[in-house]
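J.: Sharing a sequence plus its predicted fold:
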Amino acid sequence: MNVRALSKPLQLKSEQELNELSNRVKSDIEYIRRWLKQQLHLNANLDDQFILTFLRGCKFNYKITKEKIECFYSTITLMPELFRNRDPLAHDIQHVLNTRHFWLPLPKSSDPLAPRILYYSGEPFDASKKIDLFPIIKTILIVMDILLHEDDSFIVNGYCVIHYLNGFTSNHLSQLPITLLKNLYTCFIKRYPLRLKQFHFMNVRSSIYVMYNLLKPFVSEKIRSRVCFHQTLERIHDFFSKAELPIELGGESYCIESVLDEWKDKIAKHRNWLIEHERFGTDESKRIEKVNYNPEMFGVQDLTIYSTCTSDNIRDSASLAIQSTVEIGTAEVANDVNTVDSGHKAATDHLYNKPYRMVTLP
């Protein structure tokens, strides 16, 4: 069995929280490998370490492990704009790295059981220009895949996100189809066998509340309970010690630039690995049985798009829903409960009375 040994604290935590049994790990891996070989439509990584990562992330539940692996590979095939052409030396990805518009993993905590912190604080967006989201999301997913590949602490302890958005306005939000927001949730939360512990939005503007309200119908209560909004830098210190944070966040020991340079170099060194792994995915023509995914896994049922629905009216519908929810974000900042309730009902009615469904997996 070719897997990395965990440190004693991580091993104990994996046994207590993830249901890992050392004397069964080999047979657990072999069971999932046999299942993978029987799935003719899956072109999957059969390495011991990869399979063990999914087992741990799914608490060694075979059914959930299979569903996660299905989702992991199906998204590659169904969302090629996010998972193909991932050469880190390509111009679009280099631009994202140089402008810091991705989740930058901060150095590991001295506490061996602390979640990994991912920090986003890119250069300010130009309010007059459209944001090209695909290179940004593609780069974030590259970072997630590298961590999934090499960081056992990331798997066992989970992760927290600190998201500082500069210049993100309602004008930018109106450019985002609701389908894209839903699919991003699928990519980040449903696709990976990972444990999101906290998600912190900093320097909050009303547009962030709007985006959050658009996603609320698809987000589980457990995830919603882990989302926090902060107006000031000091609030983040209630959740993280200064020793864990960079100087730019009031920390004590390191600067973002040094970590950024380290990760730009790490991503470049994974170039061959990233290109090689583009061979994985699904061949839907070989899928023997149509998969009925667990609604809890993807948020809503019947995730198909009607042929009469065009990308234009999806975008128009999302824009109208955003107009209804702009006052929600403003009211939430002002704690106006009545306005929030009425605005949310208007937006929800609009979203769910349209003749289309979200686009994601088959």
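T.: Received, thanks.

J.: Can you show me the strands along the stretch 1-150 of the chain?
T.: For the stretch 1-150 of the chain, applying DSSP state E, counting those that start in this stretch gives strands covering 42-43, 104-105, 116-120.

J.: what is the mean pLDDT for the longest one?
T.: Across strand 116-120, pLDDT averages out at 96.

J.: Now do the closest residue to residue 36 other than its chain neighbours against residue 76, distance only.
T.: If you skip the residues right next to it in sequence, residue 36 has residue 44 as its closest partner in space, 4.9 Å away by Cβ to Cβ, 6 or more residues apart in numbering. Any C-beta I mention is one placed from the backbone N, CA and C, and that applies to glycine too. Spatial separation of residue 44 from residue 76 under the definition Cβ to Cβ, to the nearest Å is 10 Å.

J.: Touching both of these two, which residues are there?
T.: Taking Cβ atoms under 8 Å, 6 or more residues apart in numbering as the contact criterion, the common neighbours of residue 44 and residue 76 are residue 280.

J.: ok so, going back, just send the strands of the stretch 1-150 of the chain back as a markdown table, with distance to residue 254 too.
T.: Listed next are the strands of the stretch 1-150 of the chain as a markdown table, based on distance: least, Cβ to Cβ, whole Å:
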| stretch | distance to residue 254 |
| --- | --- |
| strand 42-43 | 40 |
| strand 104-105 | 12 |
| strand 116-120 | 12 |
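
J.: Which pLDDT value goes with residue 333?
T.: pLDDT, residue 333: 42.

J.: An error on my part: the question was meant for residue 236.
T.: As summarised for this prediction, residue 236 has a pLDDT of 90.

J.: Domains of this structure: list them as residue ranges, please.
T.: 8-79, 83-272, 295-352 (automatic domain parsing).

J.: can you pull the contacts of residue 88?
T.: Counting by Cβ under 8 Å, 6+ apart, residue 88 makes contact with 94, 97, 142, 267-268, 270-271, 274.

J.: Repeat that for residue 65.
T.: Taking Cβ under 8 Å, 6+ apart as the definition of contact, the neighbours of residue 65 are 32, 54-55, 58, 193.

J.: now residue 81
T.: Residue 81 makes contact with 134, 138 under the criterion Cβ under 8 Å, 6+ apart.

J.: Can you pull the poorly scored residue ranges out of the stretch 101-250 of the chain?
T.: The model of the stretch 101-250 of the chain has pLDDT under 70 over residues 127, 167-170, 172-174, 207.

J.: Show me the helices in it, by range?
T.: For the stretch 101-250 of the chain, helices defined by DSSP state H, counting those that start in this stretch occupy the ranges 133-150, 152-157, 170-173, 178-185, 206-215, 221-224.

J.: Pick the most buried one from those.
T.: helix 152-157 (a mean of 23; mean count of other Cβ atoms under 10 Å).

J.: hang on, isn't residue 201 packed against residue 165?
T.: Yes. In this structure, residue 201 sits in contact with residue 165. The criterion is Cβ atoms under 8 Å, and the distance is 7.3 Å.

J.: joint contacts of these two?
T.: Counting by Cβ under 8 Å, 6+ apart, the residues touching both residue 201 and residue 165 are residue 208.

J.: Residue 30 and residue 42, how far apart?
T.: As for residue 30, its distance to residue 42 is 17 Å (criterion: Cβ to Cβ).

J.: of the two, who's got more company?
T.: residue 42 (21 against 13; other Cβ atoms under 10 Å).

J.: Many thanks, I have nothing further to ask.
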